[in-house]
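Q: no sequence for this one, just the structure:
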């Protein structure tokens, strides 16, 4: 069934791409997304409480090089699937009044969605890589064809950066295949010898001048580069502000909401269970990079004077917490800390869903502002909007507070769990990361004050409040954020069994 | 069965010539019928073949006193390349549909070239193989010198000289083998079975370079870009699509199987040359302003992967190299078809800085989608044939050549760079129309033969990309024959 859910958007996407005459492509995209949403919800409910894979289909594609079509869903995948379904629905709702969104746009969007669903359900590296790369092409063209003034440079930078990471990751896993004879991710994680794959690599690879440890580290770094660019990790982030600000805003919702999570998914599925020793060996530098990503993103956001760039850097900062949680969890433990490890990874998954939905909602608000001002997004072109647009101010306020981690909203349990889990393994890094919350509060409140408080900007005196169609985009996101804020166990019931199983495999 | 591909092509060549220049439509139909028939024969023949062993197709004594026989045979590798030749020849005819000048001679040379190529892939007698090899060179010269463009005499002569030098090197070495070997035969199977030959340390590099010149081995690649650019579209397609494969095939089938010990000595040296080819070819392609030169140098880069796969001396690496030969044959053919036929014959320029202003993306939607897909295939995107080939090659090369493998990754990235650049400048240019530049508002529509040819080639790349077992099950068992396992154990 899941295979059909992956193929459905790809098929419909290709149909839309080749039927430029289709006058009203949006209903088709909506129907496809409702089907996906229903299917994904059913699958997620089935994974509740189960540690293993609930939906699985296997087909031996090319045995000689270990290429297998292995699609399977566990609690970890289910989180990403839910996120995809929700954010794409929001992104399509958000195009209600966008004139640019033609059949080709929706075709590309559906192709991207198919690629993402395929990535989040793949359990064989080459299968994963197929969808990982497929999703890059529609994303590139969405930026390239529908983006802002600097779209050409932004799209190329995005493509090239991602390709650098992808090729490195491919090389790393090819070496791993040579050593182990498999591309199957659960098999790699399950059969990982204590001490890691270094000795096995040294035995199979004729690179005699390198020690097994060094070889293991090189292969890890190659594989890691792929996800580090995709999420991204500082200093590999420089494609992000360009791509996020140049993409049409409804597409940015998808880029930050879901596409950046491909990297997080890779981090949890490809890196953490397969290379824990290597992460541990590089624990301090990796944690430092994660903390820098958090703080740099937040400080850069503080320096922005443009709302879209603000949220682009804000996304960078929030994604840094995902790195922090995963890196911290890969530390040879003091016994009895298994729960903390699981807490960190569960926190990352909660952050994935929370940030994905909230960031998508924030960019949706940006697109609403853009539509009202005709493109101007500098702080100066707003001010005092609360008086004339109370609903706008109120709802965006909730989203902003969720983003800065106010208790009762989903950002809080996510970051709390990450901090709680990480603190046992990386107290110093966690302490610095908490500092990030402060900067986050600073830039979000600055932004909110400039736009919604103060004297009313006279250019905006006739600005319309949120329409019903616009509320349809953001209200569900706010509802989800509230629900997860008060009852994070809704999600943890799905993710925790799989996370516990994953964490138990991390023997050092 | 497969041997008929050779006879059908030569008969087609004669028939096309005799049909006469005054009946161009008839000549084209003959050429198309002959190449489609070859393709069908090659598919049926491949389906019937046991890919894991050398099946004799024809065996007759020819010059008994010298141990020369007319010996045609095939295994999975031959079959793969015969299918490639079949596909490329059909596509080439479709993209030459508009040839006006001396039509009958054009297709006669064209089909003779195809026949020679089929012959090389199916010969298991070394003398016969060289005869077919030379047969393929001569029509190539005329195709370029008569129907070519940009510096055609220079390109044709350079190509012919390089090819003859290469085959002369091979001939000298093979005569030495004949003299040294106690078997006194040119039969490849008997020679490889007879045991280690003497003088491998220098016989191997002579034969390998002799063949690999035609595969675009750096630094002997310089014929390739000039030849590709000078040739008419169909000839560029064949040149990049199948003629370069002759060199790689000969290197694998003859020099590597005959001299496994020499191979071991020279493995790293040639692997380094292959790697330089990958990076250098891609790097030069990044700087070219002539659209056809971009594609020409990209062929050097892609053939570097074939050679790297060969030098990996692993089962997967060799299989990947053969698959890459197929894949590159299809993709290079398509790229040259887009650039040489679909774009050049409408815009009459290949200068990217002019094409940039022409708004090709909007005016030729079919061509632009074709080129986009061809570019993705050329970058080695998953879902296209090149991906499986590169993955196999790189798994193989990781084993003995880890540093080169990582550098090859950089080569892939440079490849992504030049492909994106070409794509950006040609079809997705953001540059507004320059003031005063004369750009037609529309170009003549893409014809039916062009569309069929493009769809045929794209379909091949995508089908193999999505279901690689179709070819891998032909190639992989063939690589496990004794003649190749000797190579692998040497590594």
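A: That came through, no problem. Just so it is clear, the model here is predicted, and its values are computed rather than measured.
Q: Please make it C-alpha for all contacts and neighbour counts, starting now.
A: Noted.
Q: tell me the SS of the residue nearest the centre of chain B?
A: Relative to the mean C-alpha position of chain B, the nearest C-alpha, by C-alpha atoms, centre = their mean, is the one of residue B:242, at 3.0 Å. Classification of residue B:242 by DSSP: H, G, I helix; E, B strand; the rest coil places it in helix.
Q: so who does it touch?
A: Residues near residue B:242 by C-alpha atoms under 8 Å, 6 or more residues apart in numbering or on different chains: B:84-85, B:88, B:117, B:329.
Q: Same list (the residues you listed) but as a markdown table, adding secondary structure, distance to chain A and pLDDT.
A: Below are these laid out as a markdown table (DSSP: H, G, I helix; E, B strand; the rest coil; distance: C-alpha to the nearest C-alpha, whole Å; pLDDT from 0 to 100):
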| residue | secondary structure | distance to chain A | pLDDT |
| --- | --- | --- | --- |
| B:84 | helix | 21 | 95 |
| B:85 | helix | 24 | 94 |
| B:88 | helix | 25 | 93 |
| B:117 | helix | 29 | 94 |
| B:329 | helix | 22 | 93 |
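Q: So what's the gap between stretch A:320-339 and the chain middle?
A: Taking C-alpha atoms, centre = their mean, to the nearest Å, one finds stretch A:320-339 lying 19 Å from the centre of the chain it belongs to.
Q: Which strand or helix spans residue B:56?
A: strand B:55-63 (DSSP states H and E).
Q: name the helices or strands packed onto the helix or strand following that strand?
A: The helix or strand immediately downstream of strand B:55-63 is strand B:68-74, counting by DSSP H and E. Contacts defined by 3 or more C-alpha pairs under 8 Å, 6 or more residues apart in numbering or on different chains; DSSP states H and E place strand B:68-74 against strand B:55-63, helix B:103-122, helix B:126-147.
Q: among those, which is the most enclosed?
A: Highest mean neighbour count among the helices and strands packed on strand B:68-74 (mean count of other C-alpha atoms under 10 Å in any protein chain shown): helix B:103-122, with a mean of 27.
Q: What does residue 467 show for phi and psi?
A: Since no chain was named, I'll use chain A. Per-residue torsions, residue A:467: phi -90, psi 170 (degrees, to the nearest 10).
Q: The intended chain is chain B.
A: Torsion angles at residue B:467 (phi, psi; degrees, to the nearest 10) stand at phi -130, psi 70.
Q: From chain A, how far off is it?
A: 7 Å (C-alpha to the nearest C-alpha, to the nearest Å).
Q: Point out the residues in the stretch 151-300 of chain A that sit beside chain B.
A: A:152, A:156, A:160, A:163-164, A:167-168, A:171, A:174-175, A:177-178, A:204-207 (C-alpha under 8 Å from any C-alpha of the partner chain).
Q: and chain A, which residues reach chain B?
A: For chain A, the contact set with chain B under C-alpha under 8 Å from any C-alpha comprises A:61-62, A:64-65, A:129-130, A:133-134, A:152, A:156, A:160, A:163-164, A:167-168, A:171, A:174-175, A:177-178, A:204-207.
Q: Pass me the low-pLDDT residue ranges in the stretch 201-350 of chain A, would you?
A: For the stretch 201-350 of chain A, the stretches with pLDDT under 70 are A:333-334.
Q: show me where it has helices.
A: A:212-230, A:239-246, A:249-254, A:260-266, A:276-281, A:283-303, A:307-329, A:338-373 (DSSP state H, counting those that start in this stretch).
Q: I'd like to check what contacts the fourth one. Which residues are they?
A: If I follow you right, that is helix A:260-266. A:77, A:80, A:116, A:119-120, A:132, A:226-232, A:322-323, A:352, A:356.
Q: so how far is that helix off the chain centroid?
A: 5 Å.
Q: quick one, phi/psi of residue A:67?
A: According to degrees, to the nearest 10, residue A:67 has phi -80, psi 120.
Q: what's the nearest residue to it if we skip its chain neighbours?
A: residue A:61 (5.5 Å; C-alpha to C-alpha, 6 or more residues apart in numbering or on different chains).
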